[in-house]
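**Q** Here's a sequence, model it:
(one chain, ligands or ions: 1)
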Amino acid sequence: MKCPACGHTNMADKIMDETLSYGGQSLTLHGMKGDFCPECGEGVWDEESYRRYTEAQSALVRATKEDVSADIRRIRKSLKLTQTELSEVVGIGKVAFSRYERGETRPPAPLVKLLKLVERHPDLLAEMSPSKFPRNEPHSPKRATR
Ligand SMILES: [Zn+2]
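**A** You can find the predicted model right below:
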């Protein structure tokens with residue numbers, strides 16, 4: 001078989017382990033068969049291995065989504081906020097937020113990081129939304145209004 005990447009004609013049959021990574025999780029497939037190019041390293045899985053690869057890939061994507069959505073729900077509950085309240089604090093639509101929580105849409109990574117930060121430092125909520133979460137410490141003097 002000819003290498004699809006460099007055209008080298010002597011691709012070698014190989015059995016190897018392939019590790020897939022997605023969203024901080026990884027999964028290793030053992031005994032994957034394919035033809036591999038000794039020149040450039042390009043590989044072509046056989047039919048069975050390719051099917052296993054694509055199945056593992058979508059399982060990994062699914063698992064990661066569920067994981068993140070469970071994280072979001074857990075964080076929100078630990079903050080004792082409704083979806084509407086938390087979505088307002090972080091400044092995203094509540095429809096989008098509920099999709100993230102149900103795992104229908106993958107939330108943007110910065111949002112997940114932000115929520116994890118807030119989970120560890122709940123007092124940040126007051127910084128993010130002073131009107132909703134008034135701080136206990138005295139406010140700085142305000143200018144008098146007429
Ligand atoms: Zn090649």
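
**Q** May I have the secondary structure class of Asn10?
**A** Recorded secondary structure, Asn10: coil (DSSP: H, G, I helix; E, B strand; the rest coil).

**Q** Could you pull up the contacting residues of the residue nearest to it when sequence neighbours are not counted?
**A** On the basis of C-beta to C-beta, 6 or more residues apart in numbering, the spatially nearest residue to Asn10 that is not a chain neighbour turns out to be Pro38, at 6.7 Å. For every residue, glycine as well, the C-beta is placed using N, CA and C. Pro38 makes contact with His8, Asn10, Met11, Ala12, according to C-beta atoms under 8 Å, 6 or more residues apart in numbering.

**Q** would a markdown table of those with neighbour count be doable?
**A** Listed next are the contacts of Pro38 as a markdown table, based on neighbours: other C-beta atoms under 10 Å:
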| residue | neighbour count |
| --- | --- |
| His8 | 15 |
| Asn10 | 11 |
| Met11 | 19 |
| Ala12 | 11 |
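
**Q** now, which of those sits nearest the ion?
**A** Sorting these by how near they are to the ion, with C-beta to the ion, puts His8 at the top with 4.4 Å.

**Q** Is that closest one in contact with Cys37, as I believe?
**A** Yes. With the criterion set as C-beta atoms under 8 Å, His8 and Cys37 qualify as a contacting pair; they are 5.2 Å apart.

**Q** Could you find the closest non-adjacent residue to Leu79?
**A** Using C-beta to C-beta, 6+ apart and skipping the chain neighbours, the partner closest in space to Leu79 is Pro122 (6.1 Å).

**Q** just checking, next helix/strand downstream of the lengthiest helix in the chain?
**A** In terms of residue count, the longest helix belonging to the chain (DSSP state H) is helix 47-78. Past helix 47-78, further along toward the C-terminus, the next helix or strand under DSSP states H and E is helix 83-90.

**Q** In that next one, which of the residues would be classed as buried?
**A** For helix 83-90, the neighbour count (16 or more other C-beta atoms under 10 Å) marks Gln83, Glu85, Leu86, Ser87, Glu88, Val89 as buried.
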